[in-house]
Structures are given as C-alpha cells and as structure tokens.
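1. Need a 3D model of the sequence below.
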Amino acid sequence: MKTIHIILLCYIFICSLACFIAFGADKKAAVNNSWRIPEATLLTMGFIGGALGGLIGMSLFRHKTQKIKFKLLMPLFLIFNIAAATSVFVFI
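-> Predicted coordinates:
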C-alpha cells in the first residue's frame with residue numbers, strides 16, 4: 001500500500017471521528033439548551049470526508065434525523081466520499 005493511500009485512510013478516519021463527535025456534542029448542547037454547532041458546519045464536515053461518522057452519529061445519537069437535508073445529503077456525501085477515495089486508490 002502506498003503512502004498516499006495510508007494518508008487518505010487516516011484522513012477519512014479522522015474526519016469521520018470528528019464529525020461523529022460533533023454530532024454528539026451538538027445533541028448534548030441541544031438537550032442542555034446551550035450553544036449549538038451550525039448545521040452548515042456539520043454538513044461541511046460530512047462533505048469533506050466525515051460522512052460515515054456523521055451518519056453513525058445521526059443514528060446513534062438520534063440527532064438531525066428528521067431534517068430532510070441531513071437525511072438526503074449525508075448519504076449522498078458518503079457516496080461522494082467513497083467515490084473520491086476509490087478514485088485515489090485506483091488512479092494513484
């Protein structure tokens with residue numbers, strides 16, 4: 001396995017973990033009625049590589065599951081993330 005592949009896998013893992021933690025923190029903030037993470041931030045985190053963590057966070061924390069844009073965009077971002085990672089593995 002090439003170094004770029006290892007870096008990519010680490011990047012995806014870190015982005016997914018960060019997105020998962022962000023969903024948990026935002027759910028806790030929602031319950032405590034305190035400062036919230038903006039929806040645009042959560043969606044951006046999913047788009048740049050954290051969609052798997054975002055989807056797991058949505059499911060586990062039962063957070064943002066009623067929001068249509070999250071129900072549609074997070075799975076779409078996951079497909080995009082997989083396609084982008086696959087293209088790196090195939091072409092580089």
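
2. Give the buried residues for the helix or strand where Leu9 lies.
-> For Leu9, the host element (DSSP states H and E) is helix 3-32. Within helix 3-32, the residues that count as buried by 16 or more other Cβ atoms under 10 Å are 8, 12, 15-16, 18-20, 22-23, 25-27. From N, CA and C alone the C-beta is placed, and that goes for glycine too.

3. going on from it, what's the next piece of helix or strand?
-> According to DSSP H and E, the helix or strand after helix 3-32 is helix 39-45.

4. sorry, back to before: report all helices and strands that the helix holding Leu9 contacts.
-> helix 39-45, helix 51-61, helix 68-91 (3 or more Cβ pairs under 8 Å, 6 or more residues apart in numbering; DSSP states H and E).

5. Name the residues that touch stretch 32-48?
-> 15, 18-19, 22-23, 25-26, 29-30, 54-55, 64, 67, 69-70, 73-74, 77-78, 80 (Cβ atoms under 8 Å, 6 or more residues apart in numbering).

6. Chain neighbours aside, what residue packs nearest to Thr65?
-> Met58 (5.6 Å; Cβ to Cβ, 6 or more residues apart in numbering).

7. Surely the one you found and Leu73 touch.
-> No. Here Met58 does not reach Leu73: they are 11.0 Å apart, not a contact under Cβ atoms under 8 Å.

8. Need the mean per-residue confidence for the helix holding Leu9.
-> Helix 3-32 shows an average pLDDT of 97 in the prediction.

9. what's the answer for stretch 52-63, then?
-> According to the model, stretch 52-63 has a mean pLDDT of 98.

10. distance between that stretch and the chain's centre?
-> 9 Å (Cα atoms, centre = their mean, to the nearest Å).

11. ok, residues contacting that stretch?
-> 12, 15-24, 26-27, 30, 42, 45-46, 64-65, 70, 74-75, 77-78, 81.

12. how about stretch 72-91: buried residues?
-> 73-74, 77-78, 81, 85.
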